[in-house]
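Visitor: From the sequence below, what's the structure:
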Amino acid sequence: MSRILVIGATGLIGSHVAASLCAAGHAVTGVARHLGSASRRIPAIGWEAVDLARASTHEWRRHLAGIDAVVNCAGALQSGPADDVAGVHERGLTALVAACEAAGVRRLVHFSAMGVDRITPSEFSRSKRAGDEALMASGLDWVILRPSVVLGPSAYGASALIRGLAAQPILPVMPDTAPLQPVALEDVVATVAFFRKPEAPARLALELAGPDRLDFARLICLYRRWLGHAPAREIALPGWLAGLVYRLGDLAGLLGWRPPVRSTARREIARGAVGDASEWTRITGIVPRSIESMLNARPASVQEGWFAGLYLLKPLVLVSLAIFWIGSGLASLGQGYASGIAMMQQGGAAAGLAPVAVVGGGLADLLVGIGIAIRRTARLALLAGIAVALFYALAGTLLTPWLWLDPLAPLLKIAPVIALHLVALATLQDR
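Guide: Predicted coordinates:
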């Protein structure tokens, strides 16, 4: 039994690597920046909260005590309030490598990305390459794995977007996208199990690619058939519209969200993710399976259909709620101010109380809407939105009960608004 430290153990690849190593009888320590409910979901793993982008060599030495091997699965797509790409891929890895050398931990299996040794069109690939070079310059028994798009039972980022698009009857096809050779998650996990052994080959970089070259539309088609849908109608997006979509993704990134469609993805998908898997197979004996065979081996469940159908509805719900609350607040503080006071006075509110209540309500609405738009405060803001909506229902019942029978149903509409908040809360977590 080995003691293995898995960094990025709450991510798509890292969580499956950690669970697989644990099931094989190894003592696994999972490391992530935010642990969340990880210790409850996989209690057999020991968990430690460490931010790879900021951890020093000294801090890592404490976590490496008694460790036999390290698997680094951490990564980030684009820098923003939630992520520091250079910190994760380059500076953090450099500190980790130095700590491994100082602590006598020889084996380090590191996940990079397909093609970063050939072309680096973004900060993502440039920092990945710089981190690879720092690791290769070390004296460790390193193994660098460069997978294409990784697809498996779980979904996050690009893999989640693929499922979400597969559920739609119309497929928008982005311009300037190159082929992919997606690789099955199970094969990636098996590769880590092979290379974590101290006697396994080391000081090599391998490309992990599936057997099929697919364009993005063909890949969506495979998932759409897996979900039981007829072929979608494809519509080629013009460049200006695709650019707008990527810029909106960047805006969401500035607010702390992590949409898979951002300017970094635009640059990376233009170079594609194809490679040569022959060396991988020769060394490990692993013959990569096709995505079609992977899907055929595991029929889609109703839960898969729900996730795919809700994936693109989630941002629509959140944007709608943010606009609803911000618009309501601006209306209360703007043109609706006088009518709001008149309605409260009609319900018997004191003359001095009505202006305070209208302004206070408008400011509360603005804060809820802005809070929903920002990822860090979204959950709290959604809960606050439910509380404010319930308060409005109670106040409306006491002051203006006739509004329950109003043809426009302003009080009755509170119920679906609250229901939409509950849907947003239920789908808020990404992984």
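Visitor: Now the host helix or strand of residue 264 - C-alpha only, PDB.
Guide: Counting by DSSP states H and E, the element that carries residue 264 is helix 263-271. Backbone C-alpha positions of helix 263-271 (Å, rounded to 0.1, in the frame of the first residue of the first chain) are rendered in PDB as follows:
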ATOM      1  CA  SER A 263     -11.900  33.700 -24.900                       C
ATOM      2  CA  THR A 264      -9.400  31.200 -23.800                       C
ATOM      3  CA  ALA A 265     -11.600  28.400 -25.000                       C
ATOM      4  CA  ARG A 266     -11.900  30.200 -28.300                       C
ATOM      5  CA  ARG A 267      -8.100  30.300 -28.800                       C
ATOM      6  CA  GLU A 268      -7.600  26.700 -27.600                       C
ATOM      7  CA  ILE A 269     -10.300  25.100 -29.600                       C
ATOM      8  CA  ALA A 270      -9.000  26.800 -32.700                       C
ATOM      9  CA  ARG A 271      -5.800  24.700 -32.400                       C
END
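Visitor: which regions of the stretch 1-150 of the chain sit below the pLDDT cut-off?
Guide: Counting by pLDDT under 70, the stretch 1-150 of the chain contains no low-confidence residues.
Visitor: picking that back up, in the helix holding residue 264, what counts as buried?
Guide: The neighbour-count check on helix 263-271 (16 or more other Cβ atoms under 10 Å) flags 264-269, 271 as buried. Using the backbone N, CA and C atoms, a C-beta is placed for each residue, glycine as well.
Visitor: Redo the residues you listed as JSON lines? Include distance to residue 394.
Guide: Compiled in JSON lines, these are given as follows (distance: Cβ to Cβ, whole Å):
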{"residue": "264", "distance to residue 394": "47"}
{"residue": "265", "distance to residue 394": "46"}
{"residue": "266", "distance to residue 394": "48"}
{"residue": "267", "distance to residue 394": "52"}
{"residue": "268", "distance to residue 394": "51"}
{"residue": "269", "distance to residue 394": "50"}
{"residue": "271", "distance to residue 394": "57"}
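Visitor: how distant is the helix holding residue 264 from the center of its chain?
Guide: Here the centre of helix 263-271 is set off from its chain's centre by 17 Å, with Cα atoms, centre = their mean, to the nearest Å.
Visitor: how far is the next helix or strand along the chain from that helix from where the chain is centred?
Guide: Next along the chain after helix 263-271, taking DSSP H and E as the criterion, comes helix 278-284. With Cα atoms, centre = their mean as the basis, helix 278-284 stands 30 Å off its chain's centre.
Visitor: what do you get for stretch 285-292?
Guide: Using Cα atoms, centre = their mean, the offset of stretch 285-292 from its chain centre is 25 Å.
Visitor: Quick one: end-to-end distance for it.
Guide: Length of stretch 285-292, first residue to last, Cα to Cα, to the nearest Å: 21 Å.
Visitor: Identify all contacting residues around it.
Guide: Residues from elsewhere that reach stretch 285-292, judged by Cβ atoms under 8 Å, 6 or more residues apart in numbering: 151, 182-184, 186-187, 190-191, 194, 208-212, 214, 219, 222, 277, 280-281.
Visitor: Can you select the buried ones among the residues you listed for me in PyMOL?
Guide: With 16+ other Cβ under 10 Å as the criterion, this PyMOL line picks the buried residues out of these:
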select buried, resi 151+182+183+184+186+187+190+191+194+208+209+210+212+214+219+222+277+280
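Visitor: Tell me the one among the buried residues of helix 263-271 nearest to residue 118.
Guide: Set against residue 118, the nearest of the buried residues of helix 263-271 by Cβ to Cβ is residue 271 (8.2 Å).
Visitor: Give me the neighbour count for the closest residue to residue 223 other than its chain neighbours.
Guide: Of all residues not flanking residue 223 in the chain, residue 166 sits nearest, at 3.7 Å (Cβ to Cβ, 6 or more residues apart in numbering). A total of 25 residues lie near residue 166 under the criterion other Cβ atoms under 10 Å.
Visitor: how close does residue 166 get to residue 7?
Guide: 31 Å (Cβ to Cβ, to the nearest Å).
Visitor: mind listing which of the contacts of stretch 285-292 are in helices?
Guide: 186-187, 190-191, 194, 219, 222, 280-281 (DSSP state H).
Visitor: Closest one of the residues you listed to residue 104?
Guide: Using Cβ to Cβ as the measure, the one of the ones in helices among the contacts of stretch 285-292 that approaches residue 104 most closely is residue 194, at 22.6 Å.
Visitor: Sounds good, over and out.
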